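Asker: coords please:
(2 chains)
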There are 2 protein chains.
Amino acid sequence: MDDCVFCSIVNKTLDKELLYEDDKVVVFKDILPKAPVHLLIVSKEHILSINHIQDSQEDLAGHMINIARKMALKYGVYETGYRLMFNVGKDGGQVIPHLHLHLLGGKFLEG
Amino acid sequence: MDDCVFCSIVNKTLDKELLYEDDKVVVFKDILPKAPVHLLIVSKEHILSINHIQDSQEDLAGHMINIARKMALKYGVYETGYRLMFNVGKDGGQVIPHLHLHLLGGKFLEG
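Answerer: A predicted model of the protein is given here:
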């Protein structure tokens, strides 16, 4: 998708420091962090949201969660705790229509 | 785990209406709902948290996400939007030490 900012990061046409990359996902820092640690685990494939995954893509969602767990360890919030969040659509507060998982930690998270 | 409330629901020693059940998960309503729709997708296996899943259990986390998506459709928040959340440990606000995914929807979710 030419006009998708996350695709531009995945395709490296937009310069952004990647903290992790494999064949399915990239990880980078949220530009508007809501916590001391706020990373995004982003699918390489342009999928609009969790609403748009297929049964056959369960493994992708699971992989995103598992990579988030490893990032929690690497970025020092594994012991103190953290939150993993998929926002979907308008009520969910999803801003970018490209599948991504928020990892938040480094402080006590309300709500 | 004899003293785990979620295991008691899974094992049906504690009476709780199940909205969905398969070989890996059960789904029921949160007893302290934070939104008009607030469901918990709970692993049948007693795993303490996302910190305690193994690489080989990626598929379980993915399955929980995929079932949450189907519950969003069934409970009328698929179009309006929703949030999926794993709270992990103290800072994450995890209350019950048994793997579960929150599905929240039915209103605009802040933060």
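Asker: please see if stretch A:10-21 touches chain B.
Answerer: No: figure legend: stretch A:10-21 not in contact with chain B (C-beta under 8 Å from any C-beta of the partner chain); closest approach 14.8 Å. Where you see a C-beta, it was placed from the backbone N, CA and C, and this is true even at glycine.
Asker: centroid-nearest residue for chain A?
Answerer: A:I41 (2.5 Å; C-alpha atoms, centre = their mean).
Asker: got a list of what it touches?
Answerer: A:I41 makes contact with A:V25, A:V26, A:V27, A:M64, A:I67, A:A68, A:M71, A:H100, A:L101, A:L103, according to C-beta atoms under 8 Å, 6 or more residues apart in numbering or on different chains.
Asker: helix, strand or coil for the residue nearest to it when sequence neighbours are not counted?
Answerer: Excluding the flanking residues, the one nearest A:I41 by C-beta to C-beta, 6 or more residues apart in numbering or on different chains is A:L101, at 4.3 Å. Under DSSP: H, G, I helix; E, B strand; the rest coil, the three-state class of A:L101 is strand.
Asker: how near is A:L101 to A:Y75?
Answerer: Look at A:L101 and A:Y75: by C-beta to C-beta, to the nearest Å, they are 14 Å apart.
Asker: which of the two has more neighbours?
Answerer: Higher neighbour count among A:L101 and A:Y75: A:L101, with 25 against 19, using other C-beta atoms under 10 Å in any protein chain shown.
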